[in-house]
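A.B. asks: My questions concern the predicted model and sequence given below.
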Amino acid sequence: MSENEPIRVMIVDDHMMMRTGLRYTLSSFDDLELVTEASSGPEAIEMCPSVKPDVILMDIVMPGMDGVDTTYKIKQSYPQIQIIALTSFQEKDMVERAIQAGAIGYLLKNVDAPVLPNSVWLDPPPKAAPMSAPFPV
C-alpha cells in the first residue's frame, strides 16, 4: 500500500445489519476502501488471497469458527494484514484471546462512528498492544 492508495478494508461479521452500518461509515472516507464483506470466518479466510485487505474489522463472536480462531488462521498465512477485533461484549477473556491471536486492538460495536476510521488509520503499535481498551488487557 502506497501513501496515496486507500486503505483496503474487509468486514467480517455474521450480522448483516452490522456489516451495513460499517459499510455506510467507511463509505464516508475517501482514503478507506471497502474491498469485501464476509459473514463467517471460513469465508473471510477464503477471500483474503484474492481481495488482499490491509485491515480486517473482525467480529470476535460468530457461530462456527469464531473471530479469534479466524484471526489466528489469517495471521498465520497473511501476517501483514492488520486485524481489529469488534465486540459487543466487554469480556476481558475474549478480548485477550483476540489480541493473543494477532489482533492489533479492539473496538466495542457501540463506538461512535468517527472512532472507527481513526482506528483503521492508526499504525499498529509495537508488539501488537491494544489501541484502546476500557480495561487493561
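C.D. replies: Yes, it's here.

A.B. asks: can I get the CA coordinates of the helix or strand of the chain at the bottom of the mean pLDDT ranking in CSV?
C.D. replies: The helix or strand with the lowest mean pLDDT-type score in the chain, counting by mean pLDDT, DSSP states H and E, is helix 115-121 (a mean of 70). This file holds the C-alpha atoms of helix 115-121, laid out as CSV (Å, rounded to 0.1, in the frame of the first residue of the first chain):
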residue,chain,number,x,y,z
VAL,A,115,-13.7,6.5,16.2
LEU,A,116,-13.8,3.6,13.6
PRO,A,117,-11.8,5.3,10.8
ASN,A,118,-9.4,6.8,13.3
SER,A,119,-8.7,3.2,14.5
VAL,A,120,-8.2,2.0,10.9
TRP,A,121,-5.8,4.8,10.1
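
A.B. asks: if we look at that helix, which residues are touching it?
C.D. replies: Identification of contacts with helix 115-121 by Cβ atoms under 8 Å, 6 or more residues apart in numbering yields 7, 9, 22, 25-26, 28-29, 31-32, 55, 57, 84, 105, 107, 131-132. C-beta coordinates here come from the backbone N, C-alpha and C atoms, glycine included.

A.B. asks: Which of those residues fall in strands?
C.D. replies: Here DSSP state E is the test, and the contacts of helix 115-121 give 7, 9, 32, 55, 57, 84, 105, 107 as lying in strands.
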